[in-house]
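Chemist: Task: produce atomic coordinates for the following.
(one chain, ligands or ions: 1)
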Amino acid sequence: MERKYPNLCKPIKIGNVTYRNRMFSAPMGGTDITNDGCIGPKSTAFYELRAKGGAAAVTVSECMVHPETDGSHAYHLDTTILNSLAAATYTADAIRRHGAMPSLELSHSGMYAGTYMTDKSRQHSMNQWGPSDCVRPDGVPVKALTKEMLADIVQSYGKVAGLAKRAGFEMLMIHGGHGWLLNQFFSPYFNKRTDEYGGSLENRCRLAIGVLKAVREAVGPGFPIEFRLSGSEFIEGGYDLEGGVAIAKQIEPYIDLLHVSAGTYQRGFGDTHPSMFKPHGCNVYLAEEIKKHVSVPVATIGGLGSPEQMEEIIAGGKADIVYMARALLADPFLPRKVTENRDQEIVKCLRCFTCMAERAATSTRRCTVNPLIGREMEGCEIAPAPVKKKVLVAGGGPGGLYAAYTAARRGHQVILCEKENALGGILKSEQALPFKHEMYELAGTYELLARKAGVEIRLNTEVTKEYAEKEQADALIIAVGSKPLVPPIPGLDGPNVVIVNNYYLEKEKVSDDVVVFGGGLAGCECAIHLGMEGKKVHLVEMRDVLAPDANVRHRPLLLKEIDKYVTVHTGYRGLKVTEEGIICADKDGQEHLVPGTSVICALGQRSRTDVVDELRDAAPYVAVIGDAAKVSTITNAVYWGYHAALDI
Ligand SMILES: Cc1cc2nc3c(=O)[nH]c(=O)nc-3n(C[C@H](O)[C@H](O)[C@H](O)COP(=O)(O)O)c2cc1C
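Modeler: Predicted coordinates:
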């Protein structure tokens, strides 16, 4: 068979290990680390899914090597902890049995330890240890690690590496990037030591080299050791790409694979995890440059997921391996689809940060486009329905499409009706915003999957009570979505007003001076886009904050873009829309004109409860999902749609 992406599908040998292709799964933290520091079964299932999906290596995230001075990601391979080795062994085995190489990331968070999942009582009793005495930006004091402590940490890397090998891991990733301990030592910004661990390049690399030697001694020759390095720290006073090249050259003799990432977690989250506002693969140039200076294989990462782009990276010699994190949450089967020439079926990551935000907010994991994430133990195989039924889905937005797809995979006869002439529902409006293109494309991918699964799609077809009863469906999934909220404010029905959902249809109507009315997520994103287009943009919001509906990871990056492009008026209540802009009242009741000859109305959505009420009795089994049930997120629409279909 001729593979469409031959370079991505080509095996690679590193050390004594042959990997089945060039698509590796990047470390992503588990969600059920037990209180005594073991990998829980949910995390094992989480990693196993990526192995089933065809990745050549699956990296199990941040195993803490030295709990005496660390406490960030709180699991530790330790034979004195009952079940520690067993949990690691089950995890390595769950990955290996699908043909992927299990890799374990060994990490120490240094001065940023203890900020995350650490057990509360320990967090209070722990010091923060880093290269130098300092006070962190959040006010936490940091003490300099003594040479004895460093020697102990080096030794513990070796010990944990040996245990990882015993547990069945066939590769190790030493985390030397993202602002954690080894990165802190590399960095002139963090490392102010005057002993043999600070100052010159050789001194700043001494700890990492000590660690690598200890690990090699524990695992022996031929066992692949990978080093994760930030190619540039992207912070003033930190090291830049030139510094990254110099560090790479120092550590090269001790490693088998150099993994070039970017930035620091604490000060450059959007560099390390490129947001939707950045180009895909925006950090590849770091790997490409470093590769020119080393002879070990080099891996790249950051906003990757497009097979064309990844193929070009390998074919063009920019890197030897591509790593993905979020793209493999969105579609764990991406590598299989690439290998089997089914790339059209790849569900793309939206870079919406639901994955990371959910972890921060609730210590669980979710993915907007993949309802299985965080619930992997429930199984990824769709069980055929015991009795085949006729299922009618009303509404072709993301929730309706996913429900239809899932029901068809279970063997039901499925008809999806959409009253408009195109599928996608609220996602259609995203086509006007280039940084949200993946969100717009999502409907097309779900449509393809639904059609392949056998769903019959009827466009321009509204499901009324009569229509549903005539179809005599056994099950009806109501996914009719929401409609824009347009309050009775004078002038809001005027010719210079465009409803945000219709912006993609009425783009030409929008002048170069715009007021966006409503500072929720939709209003903010539209304002950013208009600003990027070179328009003068004002944003009016009644509350004191912008985009409270954006998740905790996306919001700070969104606000940065707002700062670049938009003049913001919070605490302003819109009273009247005129040809010159919006007349607003501030908190003291003073009136102001916020200028703009066009107005974008982004004041929220309301469920289509009238349609829901009409259809409630139109079939024996009825489920209401997505915005039709409650105005919420795409994440909920897809998740509820999936489960409504499983419940039939
Ligand atoms: C949900 C999630 C959890 C992550 N956890 C870790 C981790 O524990 N250790 C680590 O080194 N990187 C972690 N990362 C960073 C990724 O490995 C990767 O460097 C980053 O997401 C950029 O790759 P991407 O654009 O393909 O997502 C995590 C990323 C995500 C999305």
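
Chemist: can you give me the strands in the stretch 1-150 of the chain?
Modeler: 12-14, 17-19, 23-28, 57-64, 101-107, 128-130, 134-135, 141-144 (DSSP state E, counting those that start in this stretch).

Chemist: Quick one: mean pLDDT for the longest one?
Modeler: What it means is strand 57-64. Mean per-residue pLDDT for strand 57-64: 95.

Chemist: give me every residue that touches the closest residue to Tyr239 other than its chain neighbours.
Modeler: In this structure, Tyr239 finds its nearest non-sequential neighbour in Glu233, 5.4 Å apart by C-beta to C-beta, 6 or more residues apart in numbering. For glycine as for every other residue, the C-beta is placed from the backbone atoms N, C-alpha and C. Contacts for Glu233 (C-beta atoms under 8 Å, 6 or more residues apart in numbering) come out as Gly179, Asn183, Ser187, Tyr189, Tyr239, Asp240, Gly243, Gly263, Thr264, Gly268.

Chemist: Name the single longest helix found in this protein.
Modeler: Longest helix of the chain, by residue count under DSSP state H: helix 147-167.

Chemist: What lies in contact with stretch 615-624?
Modeler: Against stretch 615-624 from outside (C-beta under 8 Å, 6+ apart): 392, 394, 403, 463-465, 468-469, 473-478, 612, 640, 644, 647-648.

Chemist: need the residues of the stretch 501-648 of the chain near the ligand, please.
Modeler: Counting by C-beta under 6 Å from any ligand atom, no residue of the stretch 501-648 of the chain lies close to the ligand.

Chemist: So which residues of the stretch 501-648 of the chain form strands?
Modeler: Here the stretch 501-648 of the chain has its strands, by DSSP E, counting those that start in this stretch, at 513-517, 536-541, 566-570, 573-578, 581-585, 591-595, 598-601, 605-607, 621-624.

Chemist: so can I have a markdown table of these showing mean pLDDT and distance to Ala327?
Modeler: As requested, the strands of the stretch 501-648 of the chain are exported to a markdown table (pLDDT from 0 to 100; distance: least, C-beta to C-beta, whole Å):
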| stretch | mean pLDDT | distance to Ala327 |
| --- | --- | --- |
| strand 513-517 | 98 | 31 |
| strand 536-541 | 98 | 31 |
| strand 566-570 | 98 | 30 |
| strand 573-578 | 97 | 40 |
| strand 581-585 | 98 | 41 |
| strand 591-595 | 98 | 40 |
| strand 598-601 | 98 | 32 |
| strand 605-607 | 97 | 29 |
| strand 621-624 | 98 | 30 |
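
Chemist: okay, those in TSV with mean neighbour count and distance to Ser275 next?
Modeler: Below are these laid out as TSV (neighbours: other C-beta atoms under 10 Å; distance: least, C-beta to C-beta, whole Å):
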stretch	mean neighbour count	distance to Ser275
strand 513-517	26	20
strand 536-541	24	20
strand 566-570	18	17
strand 573-578	18	30
strand 581-585	22	30
strand 591-595	15	28
strand 598-601	25	22
strand 605-607	17	24
strand 621-624	18	33
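
Chemist: what's the model's confidence in the host helix or strand of Asn203, averaged?
Modeler: Using DSSP states H and E, Asn203 maps to helix 201-219. Mean pLDDT, computed over helix 201-219, is 98.

Chemist: Compute the inter-axis angle for the helix or strand just after that helix and strand 101-107.
Modeler: With elements assigned by DSSP H and E, the helix or strand that comes after helix 201-219 is strand 225-230. Counting by axes from the mean of the first three to the mean of the last three C-alpha atoms, to 10 degrees, strand 225-230 lies at 50 degrees to strand 101-107.

Chemist: For the residue in the stretch 101-250 of the chain that the ligand sits nearest to, list the residues it contacts.
Modeler: Distances between the stretch 101-250 of the chain and the ligand by C-beta to the nearest ligand atom are smallest at His175, namely 5.3 Å. Contacts for His175 were tallied using C-beta under 8 Å, 6+ apart; they are Pro27, Glu62, Glu105, Leu106, Ser107, His108, Leu182, Arg228.

Chemist: Go again with 7 Å.
Modeler: Residues in contact with His175 (C-beta atoms under 7 Å, 6 or more residues apart in numbering) are Glu62, Glu105, Leu106, Ser107, Leu182, Arg228.

Chemist: Kindly report the residues of the stretch 151-300 of the chain close to the ligand.
Modeler: Listed as neighbours of the ligand in the stretch 151-300 of the chain under the rule C-beta under 6 Å from any ligand atom: His175, His178, Ser261, Thr272, His273, Pro274.

Chemist: change it to 8 Å
Modeler: The stretch 151-300 of the chain comes close to the ligand at residues Met173, His175, Gly177, His178, Trp180, Arg228, Ser261, Thr272, His273, Pro274, as judged by C-beta under 8 Å from any ligand atom.

Chemist: still on that earlier bit, can I have the buried ones of the contacts of stretch 615-624 as a ChimeraX selection?
Modeler: Buried residues within those, by 16 or more other C-beta atoms under 10 Å, are selected in ChimeraX with:
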select :392,394,403,463,468,473,474,475,476,477,478,612,640,644,648
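
Chemist: Just the contacts of stretch 615-624: which are in strands?
Modeler: Leu392, Ala394, Ala475, Leu476, Ile477, Ile478 (DSSP state E).

Chemist: Using CSV, lay out the residues you listed together with distance to Ile314 and pLDDT.
Modeler: Output for these, formatted as CSV (distance: C-beta to C-beta, whole Å; pLDDT from 0 to 100):
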residue, distance to Ile314, pLDDT
Leu392, 46, 98
Ala394, 45, 98
Ala475, 46, 98
Leu476, 48, 98
Ile477, 42, 98
Ile478, 46, 98
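
Chemist: circling back to that earlier point, angle of the longest helix of the chain against strand 101-107?
Modeler: On the basis of the same axes, to 10 degrees, helix 147-167 is oriented at 160 degrees to strand 101-107.

Chemist: what's next to helix 147-167, contact-wise?
Modeler: Helix 147-167 is touched from outside by 63, 65-66, 69, 77, 79, 85, 88-89, 92, 104, 106, 108, 129, 172, 197, 207, 210-211, 214-215, 217-219, 223, with contacts defined as C-beta under 7 Å, 6+ apart.

Chemist: Please identify the buried residues of it?
Modeler: By 16+ other C-beta under 10 Å, the buried positions in helix 147-167 come out as 150, 153-165, 167.

Chemist: quick one on the thing from earlier: now which of the residues of the stretch 151-300 of the chain next to the ligand would you call buried?
Modeler: Met173, His175, Gly177, His178, Trp180, Arg228, Ser261, Thr272, His273, Pro274.

Chemist: show me where pLDDT drops low in this structure?
Modeler: Confidence mapping of the chain against pLDDT under 70 gives the ranges 72-74, 115-126.

Chemist: Looking at the stretch 451-600 of the chain, which residue is nearest the ligand?
Modeler: Closest residue of the stretch 451-600 of the chain to the ligand, C-beta to the nearest ligand atom: Arg553 (9.1 Å).

Chemist: thinking again about what came up before, just the buried ones out of the contacts of Glu233, please.
Modeler: For those, buried by 16+ other C-beta under 10 Å: Gly179, Asn183, Ser187, Tyr189, Tyr239, Gly243, Gly263, Thr264, Gly268.

Chemist: burial count for the closest residue in space to Cys205 that isn't next to it in sequence?
Modeler: Nearest residue to Cys205, sequence neighbours excluded (C-beta to C-beta, 6+ apart): Gln250, at 4.2 Å. Gln250 is flanked by 17 other residues according to other C-beta atoms under 10 Å.

Chemist: need the contact list for the nearest residue to Phe227 once chain neighbours are set aside.
Modeler: Spatially, and ignoring its direct neighbours in sequence, Phe227 is nearest to Ile255 (4.6 Å; C-beta to C-beta, 6+ apart). Ile255 makes contact with Leu212, Ile225, Glu226, Phe227, Val296 under the criterion C-beta under 7 Å, 6+ apart.
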